[in-house]
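Q: I would like the atomic coordinates for the input below:
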Amino acid sequence: MLIEEIMKTEVITLTPDHTVKEAADLMRTHHIRHLPIVVQDNQLVGIVTDRDLKEILPFGDQQTENLSTVYDMPLSACMVKNPITGHPMDFVEESALVFYHNQIGCLPIVSNQQLIGIITETDLLYKYIELTGAHQPGSQIEVRVPNIPGILHEVTKVFNEFQTNVQSVLVYPDKENESNKILVIRIKTMNPIPIIEGLKGRGFDVLWPNFPGTDV
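A: I've put the predicted structure just below:
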């Protein structure tokens, strides 16, 4: 999946000449935490986050004395210059690594030196929820399988037999044995017991769910 498929294209921005107060008011009004800073032709030159503002806004006894001075500060004085950016044709998975390694909360999306969109860590989290089908009614089954070609096909034969739709499949390494893989399969049924019996009947090691006191 590409970034252009999930990015927000209606991006609220300000310029370097806008003030801290204008940025704070805009974030509060639109319930956002990140403001790209642009100049002519929508060229990205910086970014301001709610965290940046919290670090410079006075508090306690200093608030009354210094509030006006900080509020009148231009964003050029406090913005993060030359922020990390993404491209609309980047893969979502690669962008998730950029978020993780750089500990950032948003990624402005730039093409031809112009800001055309933005994604946030919340956008990535929701996309993960969508991809896994966790927002839909269903059940999750975890199966330990040998790490050999064609094994996923053998597992899906069971779902085909029970005419059950598969919503998502995730594959993880088995920490206990590198010759195995863990399949996390979300299926569109609220009663997975017959499928679990079918998987076990074909020799698959079902890790979850494990119902105490029953054969499954």
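
Q: Please make it C-alpha for all contacts and neighbour counts, starting now.
A: OK.

Q: Would you quantify the distance from the nearest residue to residue 187 once chain neighbours are set aside to residue 150?
A: Leaving aside its chain neighbours, residue 187 sits nearest to residue 166 (4.5 Å; criterion: C-alpha to C-alpha, 6 or more residues apart in numbering). According to C-alpha to C-alpha, to the nearest Å, residue 166 stands 17 Å off from residue 150.

Q: Comparing these two, which residue is more hemmed in?
A: residue 166 (18 against 9; other C-alpha atoms under 10 Å).

Q: which residues touch that one?
A: 159, 185, 186, 187, 188 (C-alpha atoms under 8 Å, 6 or more residues apart in numbering).

Q: for those, which one is nearest residue 19?
A: residue 186 (48.6 Å; C-alpha to C-alpha).

Q: tally of neighbours for residue 190?
A: 10.

Q: Give me the pLDDT value at residue 103.
A: Each residue has a pLDDT score; the one for residue 103 is 94.

Q: no, scratch that, I was asking about residue 212
A: 55.

Q: and if you look at the one 3 residues further on?
A: Reading off the confidence values, residue 215 has pLDDT 56.

Q: repeat for residue 65
A: 59.

Q: Average pLDDT for stretch 128-139, rounded please.
A: Mean predicted lDDT for stretch 128-139 stands at 87.

Q: any idea how far residue 16 lies from residue 171?
A: For residue 16 relative to residue 171 (C-alpha to C-alpha), the value is 46 Å.

Q: ok, these two, which is more surrounded?
A: For residue 16 and residue 171, the more surrounded residue by other C-alpha under 10 Å is residue 16, and the numbers stand at 19 against 14.

Q: What's the separation between the residue lying closest to the more buried one once chain neighbours are set aside and residue 82?
A: Leaving aside its sequence neighbours, residue 16 sits nearest to residue 76 (C-alpha to C-alpha, 6+ apart; 4.5 Å). Plainly put, residue 76 is 12 Å away from residue 82 if you go by C-alpha to C-alpha.
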